[in-house]
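1. Model the following, please.
(5 chains, ligands or ions: 4)
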Amino acid sequence: MSNESSGIGLGSDDAEMKRGPLGRWVNKAIKNPDRAYRSMFYVATVFFLVTTLFPFYWLLVIALTPNRLISNMGLLPKGFNPEVFITMFERVPFHLYMFNSFVLGITTTVIVLLLASLAGYVFGRLRFPGKSFLMLGILAISYFPPAAFLIPLFELFTGNTAISIGFITVSSPDLFNTPAPMVFPFSALFLPLSIFILTTFYGQIPDGLEDAARVEGTTRLGALFRVIVPLSAPGVATAGVLTFIAVYNEFFFSFLMNNGEASSWAPIVAGILKYQGQFDTPYNLMAAASIVGVLPVAILVIIAQERIVSGLTAGALKE
Amino acid sequence: MATEQQSGEALSESRRSGPYASAVNWMEALSETQFAYLLLTPALILLGVIALYPLATTFSMSLFADQLTGSARLGEFVGLQNYIDLITGARDFALPSAFLPTFTTQFPFVTDIYSSALMVTLIFTVFSVLFETLIGFGQALILDQDFRGRRWVRVAIIIPWAVPIVIQGMIWYLMFQPNIGFLVGTTDNPALLNQLGFIGTTPLRDTADSLFLIIVADVWKTSAFMALLILAGMQSIDRSLYDVAKVAGASRWQQFKLITFPLILPTVLVAMLFRTIDAMRVYGIIETMAGCQTVPSLSCLVVTTFNAPLYGTSATVAFITAGIIGIVVSVYIVNFASEGI
Amino acid sequence: MGDVKLEHVSKHYDDVTAVDDMNLDINDGEFICLVGPSGCGKSTTMEMIAGLTIPSEGKVFIGDREVTNLPPKDRGVAMVFQNIALFPHMDVYDNISFGLRLRNYDKEEIERRVNRAADVVQLEGMLERMPDEMSGGQRQRVAIARAIVRNPGVFLMDEPLANLDAKLRVHMRTELQRLHKELDTTIIYVTHDQAEAMTMSDRIAVIDSGQLQQIDPPLVCYNEPANLFVAGFIGSPSMNFLDGEVTEDGFVSQNIDVEFDPANLGVEVGRDVTLGIRPEDVYLIEDEHLVTNPSHEIDAMTDVLEPMGDEIFVYLKLEEDAETHLDEDAVATNDQLLMSVAPDTDIEEDKDVSVLLDRSKVHLFDTETGKAISHGIESGIQASEPTGTEAESDD
Amino acid sequence: MGDVKLEHVSKHYDDVTAVDDMNLDINDGEFICLVGPSGCGKSTTMEMIAGLTIPSEGKVFIGDREVTNLPPKDRGVAMVFQNIALFPHMDVYDNISFGLRLRNYDKEEIERRVNRAADVVQLEGMLERMPDEMSGGQRQRVAIARAIVRNPGVFLMDEPLANLDAKLRVHMRTELQRLHKELDTTIIYVTHDQAEAMTMSDRIAVIDSGQLQQIDPPLVCYNEPANLFVAGFIGSPSMNFLDGEVTEDGFVSQNIDVEFDPANLGVEVGRDVTLGIRPEDVYLIEDEHLVTNPSHEIDAMTDVLEPMGDEIFVYLKLEEDAETHLDEDAVATNDQLLMSVAPDTDIEEDKDVSVLLDRSKVHLFDTETGKAISHGIESGIQASEPTGTEAESDD
Amino acid sequence: ISTGGGDSDDGGNGGTETEADTDTPIDTEETTEDITIQMAVDTRFGDAEAEIQQALYDAGLPENISIEAIAGSQVTDNRQAQYQQWLNGGREEPVLLMMDSGWTVPFIARDQLQNLSQSLPQDMIDNIENNYFGASVSTAKGADGDLYGQPFFPDFPTMQYRKDLLRNAGYTDEDFDTWATESMSWEEFSKITKEAMEANSDIEYGYTFQADVYEGLSCCDFNEFMTSWGGAYFGGRENLFGPIGDRPVTVDEEPVLNAIRMVRTMIHGEDDEHALDGITGDIAPEAVLQWTEETSRKPFTDGNAIMHRNWPYSININGADDVFGEDLGVMPIPYGVTPEEAQYEGTGGPVAALGGWHFTMNPNAPDEQKQAAVQVLRAMQDEQFMLDVFEIVGWIPPKPDLLGSDRAREVPVIGRYMDQLRVAGENAIPRPVTVVWPQQSGKISQEVNNAMARDKSPEEAMSDLKTQLEQIEQSAA
Ligand SMILES: Nc1ncnc2c1ncn2[C@@H]1O[C@H](COP(=O)(O)OP(=O)(O)OP(=O)(O)O)[C@@H](O)[C@H]1O
Ligand SMILES: Nc1ncnc2c1ncn2[C@@H]1O[C@H](COP(=O)(O)OP(=O)(O)OP(=O)(O)O)[C@@H](O)[C@H]1O
Ligand SMILES: [Mg+2]
Ligand SMILES: [Mg+2]
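-> Residues are numbered from 1 along each chain as shown, chains lettered A, B, ... in the order given. Ligands and ions are numbered 1, 2, ... in the order given. All right, here's what the predicted structure looks like:
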């Protein structure tokens, strides 16, 4: 329906935006409240842009200032040192850390989305006994500070947990310095959030569409992945982005589950901290590294946003 | 239609056999409850091994005394003594700050609100979640609009969420470091924020000032989380409902209040719920900006005792923290229940 | 293969009984129309056949197989949903080919079928549109196409033509009939359009409040309605009803009497009965020659005229001060009579006229139970049992 | 207050022109039906009047005010949407009272009005249901109630009765008419139901491919269609068309000739014309007495019979080997003729019959432009200009 | 599954691994097979891995042994936690661990390190005991007096100053030469600083140091102030490493209070309620209360301060030719009272807090690894190696003798200040690391910072601190 007036705001008088002196503008604003709304909108946009981007600008300022000169900073870099973006790779194989983080992030995200999709479907669309209890139980896992998991998980993943089945005692495998001891805990720890997000989104998809898919011949799972998931694209993409970013930047677990080397699947934050000496901190390198490190995420967001912002349910149902 | 394929459908149906097909058929034949539990199995197994088992282990650790010498990780079995000590304050000496505040009968019902981990955490939680929700809402409303360049605005608004906490801490730490950042001045030469009385000239050593700045830093980073989720909620609303509302005479505000808001409320609640839980467990940004000694949050206590290493105490603090979070969360649960999720 | 049977099927929602002990026996290859007032349980019945709703009680069979708990995909049904339910994230082509793709048909076959279906529903050239770029009728046609590309044993169609214009509807009707013949599948069809129900179906199932009232060929339902409900529901505008009593002389009511011999019809004197007569069976006295078995002359006054193009509806007041009910809700409006006359009839509002009834088209019903007593008086077609199959659920 | 005017309004989508230079002048208090084939632009027109879609070109006026860019809420319109679009998070009561609550009516007033509207649409006792607990027809009624609780200058109703059964539809029709009279508002109404359009509207606007074809009172549209499109579209089943040529003797075609004096009708000899005749104006030779101005006798053979209850449609083959087109899409099917006869007519399939046309009901159209030349031959009603207002957009 | 509870026999080690033998002798024969040993080190070591390995070979490490540096996080807390998990979890790698002298003791106390006294050849032990910086060695010893780590390099802060600025205030190279080895008193120091500030009005800060709420305050900056005034946390040097619970807590005594008063005076001026007589006030910015090493160094390097207390790493930065070059002066930390006046044995005078790192051995490592590790440790004892490392990374040789060597003096920049460093090293005071130090350190830095920031009076803060420290002492007694 009426694509033209999409969204809850903004009429469509784009063309009129940039004309006329202030007086005329005010006049118009009174006659046409849309105008006032529009200017409010722009003010708010600019405000948010400034507040969110300013710290980044500051980061860039720090990156471009030679470390020695980082002192008494103003709004402009003191000196201009773009080589920092090369130095940072010379000092630490940062790209390898980025790769590690990326792989960890993607793997975890896939696992989380898959498991959370199944669980979200169950919680969002099915009725069964024990539902509230299970949901609360899953939620309760996220009440615990991550430190509460550290020791047992470390032992589990370094081959120190023995499981006795009858006479046989199986020791857990030593997975230290592999992705596994990070991917699994991340998956478990970020799972509750995704489950809850997807539960709300899947729950909102009209039954009619699932019905249609099932009559067309899908199984319940088929309907989930062919119809419900695509239609919940904003929710799924959001859950994915949130999980990915969280894993990409995780450090609390990852620094204990490997020895911090790029070759041992240490993630990006380990890389950033590698720049740091015991006392001396090359803020410029760390800033540069974080700017570079954020780029893949920005790209991911650009890709995912088309999904995040895509009102898809239009035109589906007549009801 | 398709006369030639008289038996088309039947044919393809018979073609589908074998283990995959029988698994599918078996699943389809399950009752709703069975099916539900089947689909939950992978998630439950993962959570069981990676979350429940460690928690059980940690819980048993909380029943033992700390042990600082010798090769044993834990001391003797003490039952619930750790819990009792922590709640009565008898263990506060081992923590960066008191765990629970000293309660009084006068407003604000505690003495020195910044001196206990619980109060610091609650203050942080209330303000950060409140502002993140409001700002996230605002950002989502903007991102929901169609305007030129919105994809870039969207990236800009989301990107703080992509900054590692270490760097987030560094950004703000440097900004509020006298003689490095420009947001803090000296007594003789105060910066704007100093003059306005928001912060002192050494804000990162002062609990109240640091807490304020940490909240600001957290809001900066985490509003994006809220914005993303709320935006996704808004995007999932059938646009034709707005058409109906518009024709019925709803102003923008009314459309928001009567349609957008109720329809995204479940999403907002989920977002707030998880933000609250996360905020109650705040640690990283504190550590990187001001240190656990200055701004002792509940998680700070867990981590410092863990590193000390007072494993028994640490496990106990972790469990009590979880309990406190559980209490706070039950506020939401009540709301959830009324939202019918 | 495609026979469908419902055995004592009920569906209860929290506080509503949507379908109430329904027994339905549909033969393979039959074209059945479900009709009934809004909310009577038609869609729920369809959903239970499709497997989307599990009956609270009773069993569903498709082709000798009990399918009560079978998932929809294994029932071999295709459905056009009342709410259309297009997949909004797929373009028309993908929507239509969805079921085929699920079954791994090869690409050309899919394309051939989709194009043909699009052709049938006249959507050629729109295959790349997204659902939200289409008009209501176009969406509905996509939904029809999505069902007909497949080759199921049973088609379920829930008001598939509701949003189509008359011409297209006629076209679709023909296409569906052709399809039905070609594929020889069972079609269960919900419609509110009497013409559709009359022309397309082998049998019409009339449902009220979740209960099956009658299932019979269209003309039987029209001419020999099993009860008051069916009589009133089938036919538009609907039958006139007059409450009265059986006397020795026949039917006696406030304004109209119709003579007959109660014994002939096997109805006791003194019983409360309702007389039903369709508008087209009421004639102006001038047209008496058209009627083989006319009743007494009845004096009336024309009230409102509704010219319909091919006929004119005339509302007659039987009493001076009768109120006009243009809507025929009340089961019996004793002081009013609706008549349809040819469009070129010379008639005006608010004039006195004399009319008569075609006695061979007069229906008698038991006022209390609603059951039909007789269809036609003199020629004496007895109550429906011999020809029509009255649903047992009627009480 | 409530007059609505569209001035050269167009709406283009990326690749489609939904509405094309539409001029529409609707008077205050008028009841206008928009009819036209699926996808012709009816809903788009409505949306532009409501303000949900901004026209690509042209201006919209409501009550002397230009509203082209005014937001919907300031236009004083209420609308029933084709896709119903109930608020899923509100119960029926809240859905219906939505517009009233927006305007801060006081509680009792809201309750009073909602109850009344619920009464009108027969949804009493369902006010606490949620939309997903209702049947399709019930939802549609909620949507209607949501519009009629308000008191706007203009009602826009996009197929509001599509999902209702015949009886309810008649009821709703009456209620809407009553409402129309009571409130004296303008109603713009989209329907696919000819009966609805015929009985309810003051004027019917016939649209095709986004262009207005004719806007006239129902009977004018029926009897004096401005062009081939309108003639074919209005009336169900639709008019028979025969392509032929004007000769000295009148109309000559493959199978049927109709005599007339070309000079009389002001039509040059040799012009290609299409003759139109409605099924009810084709008579069996036996019924000749009913026709005042019969044509020659025409030999034909009955093909399919479609008994409709109150009439029978008879498909006549004019040639031995004519194919049966049950669907009347082709504008002119020279070898076939559809006739409607009374239900008690003695007629069988595949029999030779003689039929004749009512010459006073014969329509002539220019084959090339489609414009009407004359309606009725002998009595000589000339082309539509004098009575009907043909839309100028026709080319 | 063991949950890690229970008595000390069971250990917390998950129950699968046998009790690590921390004190069995290791075969010290040279291995002949090619072997690579993993060493957990820091990034600076990691960055110079190849050069250091070469230096090891030069020092006699058999060529069949190569090293693999695992350059862990430089954030010392993270490293500590990491080692904690590794050793507790019984991991076999890495064999050698580079450990902060500030937290080696707790590892020893938890039996997590190889007892080098028992397992290394006596000559190596003797060399460490006799020739290394005594303070450093003391932080590598267990309660039993055995050695568990081999000091790798020590770290001692000094006072850096700007000769050019002091010249403006009338001081001469002669003065500078004196100061280089003869520490001055805090009174004098504050006076000189004030003079220099007045003589250089464009310079923003006088004296900059680190007083943020962090380990650096309790272990080092304040430790220096306090000790130089003759005070101590636990009454004198002999109690530094215990016995926990059986030693006095002496933070509320006058020397400690004086140290706080002095800092308050420096920051807040002589008018401060708790100013210390004799100290010239207003020479340190309030910002020190939030500064750590780097943040305090920035203004100094930037030319915005006169005096700056920091670790030797910053000498290399500030003494670089493009910074201050020869104009950078270095002297030992000033003193409050002389050792003679000091209340406790071993306090007073120009103390320098002891930093630096040791190498310790993972007892869980396989024997052949340990065997190779011994060879590495032996090579590290080579004096040329120490000097090589000093050249490569700038790490001060752990043997005081070497500080006077010609080779050391030839090292660019820092080589100029060997005398000052030697004085500092000789007066180094270790932090009182015990198993409870992590808890105590936090409390100390918090209270001291509060007192310095005037949030509390020195007396109040220190008596609060005393209570807390005593509780901690008691809890672990
Ligand atoms: N968003 C859109 N993008 C592209 N084309 C559109 C869009 N919306 C409508 N159309 C096209 O515009 C034409 C008019 O649509 P409209 O909905 O007005 O038809 P309608 O007359 O209401 O038809 P129906 O009776 O089927 O509801 C249709 O051909 C439709 O496909
Ligand atoms: N989920 C539900 N909860 C409660 N009542 C329901 C639910 N679904 C349907 N009903 C009720 O069941 C009855 C039958 O609904 P159904 O959809 O079968 O009607 P229908 O015959 O298809 O009507 P329509 O012609 O209006 O589509 C209705 O009264 C409806 O209100
Ligand atoms: Mg229905
Ligand atoms: Mg439409």
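2. The nearest residue to residue C:161 once chain neighbours are set aside: how many residues sit nearby?
-> Spatial nearest neighbour of residue C:161, chain neighbours left out: residue C:169 (4.7 Å); criterion: C-beta to C-beta, 6 or more residues apart in numbering or on different chains. The C-beta positions use only the backbone N, C-alpha and C, and glycine is treated the same way. A count of nearby residues for residue C:169, using other C-beta atoms under 10 Å in any protein chain shown, gives 24.
3. Residue of chain A closest to ligand 2, please.
-> Per C-beta to the nearest ligand atom, residue A:207 is where chain A lies closest to ligand 2, at 8.9 Å.
4. phi, psi of that residue?
-> The phi/psi pair for residue A:207 (degrees, to the nearest 10) reads phi -60, psi -30.
5. can you tell me which residues contact it?
-> By C-beta atoms under 8 Å, 6 or more residues apart in numbering or on different chains, the contact set of residue A:207 is residue D:132.
6. Look up how far residue C:192 lies from it.
-> Separation of residue A:207 from residue C:192 (C-beta to C-beta, to the nearest Å): 23 Å.
7. picking up where we left off before, for the helix or strand encompassing the residue nearest to residue C:161, the distance to its chain's centre please.
-> Here residue C:169 sits within helix C:166-183, counting by DSSP states H and E. Taking C-alpha atoms, centre = their mean, to the nearest Å, the mean C-alpha location of helix C:166-183 is offset from the chain mean by 17 Å.
8. Can you name every helix or strand that that helix contacts?
-> Packing partners of helix C:166-183 (3 or more C-beta pairs under 8 Å, 6 or more residues apart in numbering or on different chains; DSSP states H and E): helix C:136-148, strand C:186-190, helix C:194-200, helix D:228-233.
9. same thing but at 7 Å, please
-> Under the contact criterion of 3 or more C-beta pairs under 7 Å, 6 or more residues apart in numbering or on different chains; DSSP states H and E, helix C:166-183 touches helix C:194-200.
10. Let me see the ranges of the strands in chain A.
-> Here chain A has its strands, by DSSP state E, at A:162-165, A:168-171.
11. rank the ones you listed by pLDDT, which is bottom?
-> Per-stretch mean pLDDT for the strands of chain A is lowest at strand A:162-165 (a mean of 68).
12. burial count for the residue of the stretch 1-150 of chain A found nearest ligand 3?
-> Of all residues in the stretch 1-150 of chain A, residue A:125 sits closest to ligand 3, at 21.8 Å by C-beta to the ion. For residue A:125, the count of nearby residues is 20 (other C-beta under 10 Å).
13. how close does it get to residue C:46?
-> From residue A:125 to residue C:46 the distance is 21 Å (C-beta to C-beta).
14. Ok, residue A:162 next?
-> For residue A:162, the distance to residue C:46 (C-beta to C-beta) stands at 59 Å.
15. next one: residue E:64
-> 83 Å.
16. Next: residue E:155.
-> As judged by C-beta to C-beta, residue E:155 and residue C:46 stand 83 Å apart.
17. For those two, indicate the residue with more neighbours.
-> residue E:155 (26 against 23).
18. List the contacts of the residue nearest to the more buried one when sequence neighbours are not counted.
-> Of all residues not flanking residue E:155 in the chain, residue E:355 sits nearest, at 3.3 Å (C-beta to C-beta, 6+ apart). By C-beta atoms under 7 Å, 6 or more residues apart in numbering or on different chains, the contact set of residue E:355 is E:101, E:102, E:155, E:156, E:311.
19. one more time with 10 Å, if that's ok
-> Listed by C-beta atoms under 10 Å, 6 or more residues apart in numbering or on different chains, the contact set of residue E:355 reads A:278-279, E:100-102, E:136, E:139, E:153-157, E:216, E:219-220, E:311-313, E:396, E:428, E:430-431.
20. How about residue A:262?
-> A:92-100, A:268, A:270-271, A:274.
21. Then residue C:194?
-> Going by C-beta under 10 Å, 6+ apart, residue C:194 touches C:33, C:35, C:204, C:218, C:222, C:233-236, C:238, D:165-166, D:308-310.
22. pLDDT wise, what is the residue of chain A closest to ligand 2 at?
-> So, for residue A:207, pLDDT stands at 86.
23. try residue B:4
-> 37.
24. before we move on, what about the one 5 residues further on?
-> Model confidence at residue B:9, expressed as pLDDT, equals 47.
25. try residue C:395
-> pLDDT for residue C:395: 41.
26. quick one: residue A:266 from residue E:243, how far?
-> Distance from residue A:266 to residue E:243, by C-beta to C-beta: 40 Å.
27. right, I mislabeled it, should have said residue E:218
-> 20 Å.
28. Compare the two (neighbour count), which wins?
-> Counted by other C-beta under 10 Å, residue E:218 and residue E:243 do not tie: residue E:218 has more neighbours, with 27 against 12.
29. Could you report the neighbour count for the residue lying closest to that one once chain neighbours are set aside?
-> Nearest in space to residue E:218, with sequence neighbours left out and distances taken as C-beta to C-beta, 6+ apart, is residue E:444 at 3.8 Å. Residue E:444: 28 surrounding residues under other C-beta under 10 Å.
30. can you tell me how far the closest residue to ligand 2 within the stretch 101-250 of chain B sits from chain E?
-> For the stretch 101-250 of chain B and ligand 2, the shortest gap (C-beta to the nearest ligand atom) falls at residue B:238, measuring 19.0 Å. Note on residue B:238: its distance to chain E, by C-beta to the nearest C-beta, to the nearest Å, is 50 Å.
31. In terms of helices and strands, where is that residue?
-> Counting by DSSP H and E, residue B:238 is part of no helix or strand.
32. Does it touch residue D:81 like I think?
-> No - checked against C-beta atoms under 10 Å, the pair residue B:238 and residue D:81 is beyond contact range at 11.5 Å.
33. Tell me which of those two has more neighbours.
-> Shown here are residue B:238 and residue D:81; by other C-beta under 10 Å, residue D:81 has more neighbours (29 against 25).
34. pretty sure that one is touching residue D:142, no?
-> No - contact status for residue D:81 versus residue D:142: not in contact, 11.5 Å apart, counting by C-beta under 10 Å.
35. middle-most residue in chain E, spatially?
-> Per C-alpha atoms, centre = their mean, the C-alpha nearest to the average position across chain E is that of residue E:355, at 1.1 Å.
36. cool, chain B as well?
-> Central residue of chain B (C-alpha atoms, centre = their mean): residue B:278, at 2.3 Å.
37. how close does it get to residue D:173?
-> 59 Å.
38. Over to residue C:42?
-> Using C-beta to C-beta, we find residue C:42 at a distance of 21 Å from residue D:173.
39. Looking at the two, which has the bigger crowd around it?
-> residue C:42 (31 against 21).
40. quick one: that one and chain E, what's the gap?
-> From residue C:42 to chain E the distance is 61 Å (C-beta to the nearest C-beta).
41. Quick one: the strands in chain B, in order.
-> B:64-66, B:74-77.
42. Starting from the shortest one, tell me which strands it pairs with and how they run.
-> When sheet partners are counted by DSSP bridges, strand B:64-66 sits next to strand B:74-77 (antiparallel).
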